[in-house]
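# Sequence and computational prediction follow.
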Amino acid sequence: MAIYKENIKKSSPPLTLMGVLGKLLTENEKTIGVVLSKEEIQICQISKKKNIWKIENYFYSKLQKLTADQNFVSEIENLSSQIRNFISLTGIKTKDAVISIPGQSCLMITLQIPKMPLKDMNAAIEVGGFWEQFDTMPKNIQDYNISYQLISTNDEIGIMEVGVFCAEKKMVDEYLNIIESSGLNPVIVDIGPIAQLNSLSMILGNEVFDNPIGFLNYGEGENYIAIGSNKAKNIIPLNIVEADKVLLDTIEEVDDITTTFWDEIFERLASQIKNALIEFETKYETSPIKVIYLSTSYPKYNNFITGIEKQLAGVKIKLFSSEDILEFSSDSQKNYNNLPNKSMISEVLGLGMRKFNVFDIEDESPEKFKYNLLPRFSEIKNNRKYKILSKASYVTAFLILFAVGCHMAVLRLPTIYKNNTIITKNKSIDLSLKNNETNVRLLQAKSVEMETKVKNLELFGSNKLTTSTLFKNLNEITPKGIRITNFEMSEKKKLKIEGVSIDDASIINFASKLSENKAVENVKTENILGINEKGDAPKNLPGTPDPVKAPVKNANEITTKQFVINLTLKPVEGEKFYDQEKIAALLNPAPVNRPPNAPGAPGAQTRPAPGAPAKK
């Protein structure tokens with residue numbers, strides 16, 4: 001089952017690396033909205049810069065009408081081919097697609113559930129068997145993808161209202177097959193009418209839902225009215241008999257629609273709309289619905305609007321328009337102008353503004369309703385999150401190693417400069433030694449001195465390759481239930497790893513995998529502490545005077561343990577660590593005890609060197 005977990009707005013969390021990374025990725029996330037139906041295909045890519053929405057790429061194609069023995073699945077190759085061609089021509093880089101399925105293909109159910117923390121409800125749903133307790137849910141629930149969203153909470157009676165959509169897996173898979181065949185990666189499966197309501201929030205702002213508002217879809221395909229507000233939402237299909245449908249198709253050619261004949265036709269359609277409005281207003285105790293936006297595939301619509309408004313006294317019908325709020329690229333503007341009616345862009349706009357948001361970051365997105373019927377939605381979301389974090393960890397490790405390398409290079413510059421100076425001097429000496437035996441001996445002495453210095457330099461060794469090997473393997477050896485919160489390196493080769501875990505077994509598994517790594521030895525699990533529901537650890541570790549900071553808990557993360565693992569790095573092949581004892585001996589040499597009469601000893605008498613014999 002595909003499950004959407006609604007985010008509850010909380011006070012701003014402390015600034016963390018994951019929070020900064022998540023916000024950055026979410027704000028720059030790109031998706032492609034795709035509408036597939038028996039009548040048409042629309043593709044849209046939207047961006048927002050400085051509070052201005054822009055259609056970067058837009059595509060529309062009317063499809064040939066399917067015969068009675070054909071169905072939507074028979075168009076897979078045709079639709080996939082058109083999508084591939086459009087992506088190739090426009091050079092779109094992103095592969096993440098947001099698609100919609102018809103509202104009439106879904107079961108929409110509103111459930112009243114005893115008030116509980118949403119995280120508890122999410123956990124109960126993941127365990128399984130949660131939906132089966134409600135009689136209104138499908139009996140063969142295993143054959144459905146399910147998406148839900150918290151709509152409202154009544155604190156007085158302790159009830160919260162949850163909106164649920166159910167769609168047959170087989171039908172959803174047909175749409176996904178088309179998208180995947182075109183080379184795209186589906187990340188959200190939305191519902192057509194819900195996408196149109198979301199498009200209103202993009203055009204008019206979220207305050208449009210302070211009062212209930214309607215969205216009427218009328219044309220050759222689906223006919224329905226969707227109603228939404230801050231309290232609830234509802235979708236009601238409109239049943240138009242074939243005879244009325246034929247007559248309404250010609251309504252724009254009629255000079256006078258104020259006759260009794262046309263009143264009867266419009267009354268049959270408007271009565272369904274009126275009943276939907278009254279039911280919504282009564283059930284949710286809202287103010288009367290005064291505005292209904294219209295999306296239609298018919299080029300002309302004035303007589304239709306006039307006839308409906310006459311039957312719905314006090315309700316204004318407005319054609320959906322996005323031109324005042326949106327900017328279009330030149331090619332997108334051409335495709336947009338080819339629409340039979342420009343209001344048809346409403347659904348794909350609502351899809352194009354959706355974001356996958358793997359880190360569940362609260363942003364300023366105008367998405368009012370965030371349903372997702374994608375199969376294995378939670379699993380796909382977590383996999384995407386782990387891949388992003390793995391790449392971020394690898395880059396961070398590389399930057400740390402690069403910084404350490406630069407630091408070491410700066411520390412060694414004086415020695416390197418000194419050695420280069422000595423080598424330069426030796427080259428000049430080498431030229432004069434060719435005919436001077438004394439200079440040859442001096443050069444040999446200098447060579448011995450240089451060899452000693454080289455050996456001393458080698459004592460400093462390095463741990464960059466070993467550290468890089470361990471960090472590179474961390475992504476593979478860290479179990480799914482472990483999150484590392486801190487690294488501390490000491491004495492060049494001792495490493496302390498702090499983290500949190502869902503249970504003790506994951507910590508033991510992590511320590512075991514560390515022990516098996518070729519760059520590690522002496523792995524010791526020093527402390528395993530329990531974490532309470534608030535995410536607090538004990539104030540002090542056993543035997544440690546310093547207080548321990550509680551780990552920052554991520555949204556929807558289940559952690560019960562905090563741990564500390566100490567280990568020693570073991571040099572990998574091709575690397576040698578620092579020799580601390582020998583380096584210390586070089587830096588602080590032991591005093592030399594000399595005999596009393598030895599040259600240079602205190603009190604020693606200095607004798608003049610014997611001179612050459614005098615000439616006679």
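Ah, there it is. Just so we're clear, the structure is a prediction, and the values are computed from it rather than from any experiment. Numbering: from 1, shown residues only.
# residues in contact with stretch 515-527?
Stretch 515-527 is contacted by residues 466-467, 469-470, 473, 477, 507-508, 511, 514, 541-542, 544, 562-572 when judged by C-beta atoms under 8 Å, 6 or more residues apart in numbering. Yep, even glycine has a C-beta here, placed from its N, CA and C like the rest.
# ranges for the helices of the stretch 351-500 of the chain?
According to DSSP state H, counting those that start in this stretch, the stretch 351-500 of the chain carries its helices in the segments 377-432, 437-458, 464-477.
# Name the residues of the last one that come out as buried.
Neighbour-count burial for helix 464-477, with 16 or more other C-beta atoms under 10 Å as criterion, is recorded at Thr466, Thr467, Ser468, Thr469, Leu470, Phe471, Asn473, Leu474, Ile477.
# What is the burial count for the closest residue to Gly307 other than its chain neighbours?
In space, and not counting its chain neighbours, Gly307 is closest to Phe266: 4.0 Å by C-beta to C-beta, 6 or more residues apart in numbering. Neighbour count of Phe266, defined by other C-beta atoms under 10 Å: 22.
# ok but Phe266 is inside a helix, no?
Yes - secondary structure of Phe266 (DSSP: H, G, I helix; E, B strand; the rest coil): part of a helix.
# which residues touch it?
By C-beta under 8 Å, 6+ apart, the neighbours of Phe266 are Ile257, Gly307, Ile308, Lys310, Gln311.
# List the buried residues of whichever strand or helix holds the fourth one.
If I follow you right, that is Lys310. Per DSSP states H and E: Lys310 is located in helix 302-311. For helix 302-311, the neighbour count (16+ other C-beta under 10 Å) marks Asn303, Phe304, Ile305, Gly307, Ile308, Glu309, Gln311 as buried.
# How about stretch 155-167?
For stretch 155-167, by 16+ other C-beta under 10 Å, it's Met160, Glu161, Val162, Gly163, Val164, Phe165, Cys166, Ala167.
# Now do the SS call for the fifth one.
So that's Val164. Relying on three-state DSSP, one would call Val164 strand.
# In this structure it contacts Gln112, no?
No - look at Val164 against Gln112 with C-beta atoms under 8 Å: they stay out of range, at 11.4 Å.
# helix/strand/coil for Ala276?
helix.
# so who does it touch?
So Ala276 contacts Ile225, Ile227, Asn234, Ile236 (C-beta under 8 Å, 6+ apart).
# Of those residues, which is the most crowded?
That'd be Ile227 among the contacts of Ala276, by other C-beta under 10 Å, with 26 neighbours.
# Mind giving me the packing neighbours of the helix or strand harbouring that residue?
Assessed by DSSP H and E, Ile227 sits inside strand 224-228. Here strand 224-228 touches helix 192-204, strand 213-218, strand 233-237, helix 260-284, going by 3 or more C-beta pairs under 8 Å, 6 or more residues apart in numbering; DSSP states H and E.
# in its sheet, what does that strand sit against?
Counting by DSSP bridges, the strands paired with strand 224-228 are strand 213-218 (antiparallel), strand 233-237 (antiparallel).
# Please work out which of the ones you listed is packed deepest.
Burial of the strands paired with strand 224-228 is given as mean neighbour count (mean count of other C-beta atoms under 10 Å); strand 213-218 ranks first at a mean of 24.
# Just to be sure, Met137 is in a helix?
No - Met137 is assigned coil when assessed by three-state DSSP, not a helix.
# State the pLDDT value of the nearest residue to it once chain neighbours are set aside.
Distances taken as C-beta to C-beta, 6+ apart place Trp131 nearest to Met137, at 4.8 Å, with adjacent residues excluded. pLDDT recorded at Trp131 is 94.
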